[in-house]
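Undergrad: Dropping a prediction and its sequence here:
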Amino acid sequence: MRMNKLTELNEQAVQYIAVGAAVLGTGGGGDPHIGKLMAKEAIRKHGPVRVISPEDLEDDALVVPISMIGAPTVMNEKIPSIQQMIKPLDMIEKELGRKVSAIMPIEVGGGNSLVPVITAAERNIPIVDADAMGRAFPESQMVTFYLDGIDCSPITMADERGNGVLMHAIDGVWEERMARAVTIQMGGSASICDYPVTGAQVKQSAIPHTLTLAYEIGKTLFESKELKRNPIEMLLKQLNGYALFQGKAVDIRRRTEGGFTRGEAIFEGTDAKKGRSMTLFFQNEFLLATEDGHSIAITPDLISVLDQDTGMPITTENLKYGARVSVVGFPCDPKWRTAKGLETVGPQYFGYDAPYVPIEQLATSKGGAE
């Protein structure tokens, strides 16, 4: 898919990215509606945010990701403050003794694609058109920077009360353990800066132009209505995706546990899938889809739940009983299909007793892997 790279973010761009990032976010990354409202307000107050491509970064530029960490269900009720978005950045600049050249999303998912827009507008610095996942994942070490052995420290965190925490961790796994414990004490959600990187490291390790991709996905879904075309068919063609299931949500088991939203959702098939049943397993993000006990899509490949009529994405915390949905899947970035990638985000890591099989193979086998 050919894309015209973004050069700035205005309110219209934020509208598109909120939707596109929720598709790529596989149900996680925080509520895109909250992030969208806050980002639009920041742009109205300070003007459009400049977007910089990874290849245009100076090699010695300081680039800092900023995001929210915690359970999406908590973030729906505990709205972050603007100061909470800025404090971790100020703390990391103080610790490193230099100004940040640009900020970036750590993941392209839901609200976490828009949190950096808020900070960029408030601080008048550019945002990098890249992220470190190509989707959303639930844990701190699940980033391409970790795969490439890049230091995650220093790490700074803040809550809406004004509390701030500075940490140094030996690696992303230890960062996850410590940051998750702090997040729980901060009420289940917090803002965080981690993996401060150079421009050279962004070029080496990040997944490029994912904000542009999210923008193009959102634009496709909004324009499908004007063009009177099927939004899901347009989206699958755009992303080389696969239609996995069509049905109605009949049971949703969702719990906040250990700083995550975990659970399962069960769907009864409709239309061509009538008489079939699908289960989606999630930990903030949708990680495994099974149809009548057979795997049809498995992490790290992307699984997204879309409204059957509009094609609009539905996050794990907003999935409701009775929702009529189309479940679709897309191939992940090749970085996640390496041995270290699968060790970090594959099904065994999450405790699922299923081997990883690429979605392309599952689709052609028409029934999936046991």
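TA: Nice, thanks for sending it over. Residues are numbered from 1 along each chain as shown.
Undergrad: Met186 contacts Asp159, doesn't it?
TA: Yes. Taking contacts as CB atoms under 8 Å, Met186 lies within contact range of Asp159: 4.0 Å. All C-beta spots, glycine's among them, are computed from the backbone N, C-alpha and C.
Undergrad: For Val108, give me its contacts.
TA: Val108 makes contact with 21, 24-25, 29, 131, 133-136, 207, 210-211, 213-214, according to CB atoms under 8 Å, 6 or more residues apart in numbering.
Undergrad: Am I right that Ile69 sits in a strand?
TA: Yes. Under DSSP: H, G, I helix; E, B strand; the rest coil, Ile69 falls within a strand.
Undergrad: Need the three-state assignment for the closest residue to it other than its chain neighbours.
TA: In this structure, Ile69 finds its nearest non-sequential neighbour in Ile192, 4.8 Å apart by CB to CB, 6 or more residues apart in numbering. Classification of Ile192 by three-state DSSP places it in strand.
Undergrad: And the pLDDT at Ile192?
TA: Looking at Ile192, its pLDDT reads 97.
Undergrad: give me the number of residues near it?
TA: Look at Ile192: counted by other CB atoms under 10 Å, it has 25 neighbours.
Undergrad: Could you verify my assumption that it touches Val64?
TA: No. Ile192 is not in contact with Val64 according to CB under 8 Å; the separation is 10.5 Å.
Undergrad: By pLDDT, rank the contacts of Val108 and give me the bottom one.
TA: Gly29 (70).
Undergrad: Which neighbouring elements make contact with the helix or strand harbouring Gln246?
TA: Using DSSP states H and E, Gln246 falls within strand 242-257. For strand 242-257, the elements it packs on are helix 72-75, helix 231-239, strand 260-269, strand 277-283, strand 285-291, strand 294-298, strand 324-330, judged by 3 or more CB pairs under 8 Å, 6 or more residues apart in numbering; DSSP states H and E.
Undergrad: Tell me which of these lies nearest to Gly164.
TA: Comparing the helices and strands packed on strand 242-257 against Gly164 with CB to CB, the closest turns out to be helix 72-75 (18.7 Å).
Undergrad: CA atoms only for the very next helix or strand once past the closest one, dumped as PDB, please.
TA: Going down the chain from helix 72-75, the next helix or strand is helix 82-96, by DSSP H and E. Extracted in PDB, the C-alpha atoms of helix 82-96 (Å, rounded to 0.1, in the frame of the first residue of the first chain):
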ATOM      1  CA  ILE A  82      -2.200  17.300  31.100                       C
ATOM      2  CA  GLN A  83       0.400  17.600  33.900                       C
ATOM      3  CA  GLN A  84       0.500  13.800  34.100                       C
ATOM      4  CA  MET A  85       1.400  13.700  30.400                       C
ATOM      5  CA  ILE A  86       4.200  16.200  30.800                       C
ATOM      6  CA  LYS A  87       5.800  15.300  34.100                       C
ATOM      7  CA  PRO A  88       7.600  12.100  33.000                       C
ATOM      8  CA  LEU A  89       9.200  14.000  30.100                       C
ATOM      9  CA  ASP A  90      10.400  16.800  32.400                       C
ATOM     10  CA  MET A  91      11.900  14.200  34.800                       C
ATOM     11  CA  ILE A  92      13.700  12.300  32.000                       C
ATOM     12  CA  GLU A  93      15.200  15.600  30.700                       C
ATOM     13  CA  LYS A  94      16.400  16.400  34.200                       C
ATOM     14  CA  GLU A  95      17.900  13.000  34.700                       C
ATOM     15  CA  LEU A  96      19.700  13.000  31.300                       C
END
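Undergrad: chain center to the following helix or strand past helix 82-96: distance?
TA: Of the helices and strands lying after helix 82-96 in sequence (DSSP H and E), the nearest is strand 102-104. Here the centre of strand 102-104 is set off from its chain's centre by 16 Å, with CA atoms, centre = their mean, to the nearest Å.
Undergrad: which strands and helices sit next to strand 102-104?
TA: Other helices and strands packing on strand 102-104, by 3+ CB pairs under 8 Å, 6+ apart, are strand 62-70, helix 115-123, strand 127-128.
Undergrad: Identify the residues contacting that strand?
TA: Strand 102-104 has contacts (CB under 8 Å, 6+ apart) with 52, 57, 61-66, 89, 116, 119-120, 123, 125-128, 130-132, 202, 206.
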